Structures are given as C-alpha cells and as structure tokens.
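1. below is the sequence, then the predicted model.
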Amino acid sequence: MPRTEADSEDKQPLARIDRLIHEPARLMILAHLYVVESADFLFVVRQTGLTWGNLSSHMSKLEAAGYIKIKKEFVGKKPHTMLRLTNKGRAAFREYRQSMKQVLDDLPE
C-alpha cells in the first residue's frame with residue numbers, strides 16, 4: 001500500500017511543529033498571550049524578559065503570520081500598544097502544544 005503524506009505526518013509529529021512558534025522568544029510571547037484576552041506591550045516585555053526592540057521584531061513576525069493583532073493608540077500623550085492572539089493564532093498555538101505533547105510522549109524512556 002503506498003504511503004500518503006498524512007501517513008508520514010502521523011509517524012513524524014516533529015514535522016508538524018510550527019517553526020514560527022517554536023522559536024523560544026515567540027513561544028514565550030504566544031504562551032503569555034494564550035492565557036489572557038489581551039496584554040499591553042510593557043506587560044509582555046516584563047513577562048518575557050525580552051528587550052523592547054527584540055519583542056517588537058518578534059511581534060512583527062507574528063502579526064505578519066496572522067497570529068497576533070497589534071493595536072496602537074495613545075493614552076493621553078503616551079503611546080500604548082496592546083497585543084492579542086487572533087483566532088488563527090490561538091488555533092496554531094493549540095496545535096503546536098498538541099504536536100509537542102505527542103513528540104515528547106513518543107520519546108522512549
């Protein structure tokens with residue numbers, strides 16, 4: 001019986017890992033956003049320990065993928081940036097978690 005791409009994926013859960021999410025800084029960002037409705041930029045900086053520039057760079061990649069929505073506004077005269085996971089980002093993170101669980105569960109002890 002010929003092997004299909006689906007058969008290959010079932011046997012190789014690591015091949016299904018979303019490389020965009022797998023990068024440690026982006027994984028931290030998404031993990032923090034997954035458990036809240038939204039978060040401001042400063043909160044994410046403090047939670048992840050990333051620099052402002054590094055966080056901004058990773059946010060741009062996640063936004064380009066459609067995983068997060070960035071809302072910039074002013075509060076008084078100060079800029080205020082809010083981040084939230086999109087439905088696509090939430091689904092991608094759930095799938096990433098499931099794939100990683102399978103990869104780790106399949107490792108021999």
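-> Okay, I see it. Numbers count the residues shown, from 1 in each chain.
2. ok, the spatially most central residue of the chain - contacts?
-> If you average the C-alpha coordinates of the chain and look for the closest C-alpha using CA atoms, centre = their mean, you land on Leu30, 3.6 Å from that point. Contacts for Leu30 were tallied using CB atoms under 8 Å, 6 or more residues apart in numbering; they are Ile21, Leu62, Tyr67, Ile68, Leu85, Gly89, Phe93, Tyr96. Any C-beta I mention is one placed from the backbone N, CA and C, and that applies to glycine too.
3. let me know the helix or strand that it is in.
-> helix 24-34 (DSSP states H and E).
4. pLDDT score for the residue nearest to the centre of the chain?
-> pLDDT, the model's per-residue confidence, is 98 for Leu30.
5. of all the contacts of Leu30, which two lie farthest apart?
-> Distances among these were taken as CB to CB; the most separated pair is Ile68 and Tyr96, at 14.1 Å.
6. which secondary structure elements does the longest helix anywhere in the chain contact?
-> Assignment by DSSP state H gives helix 87-105 as the longest helix of the chain. In terms of contacts (3 or more CB pairs under 8 Å, 6 or more residues apart in numbering; DSSP states H and E), helix 87-105 is packed against helix 19-22, helix 24-34.
7. please identify the deepest-packed of these.
-> When neighbours are counted by mean count of other CB atoms under 10 Å, the highest per-stretch mean among the helices and strands packed on helix 87-105 falls to helix 24-34, a mean of 18.
8. from the chain's centroid, how far away is it?
-> 5 Å (CA atoms, centre = their mean, to the nearest Å).
9. sorry, back to before: who has more neighbours out of Ile68 and Tyr96?
-> For Ile68 versus Tyr96, the count of surrounding residues by other CB atoms under 10 Å is larger for Ile68: 24 against 20.
10. list the contacts of the more buried one.
-> The neighbourhood of Ile68, defined by CB under 8 Å, 6+ apart, consists of Ile29, Leu30, Leu33, Met59, Leu62, Leu83, Arg84, Leu85, Thr86, Gly89.
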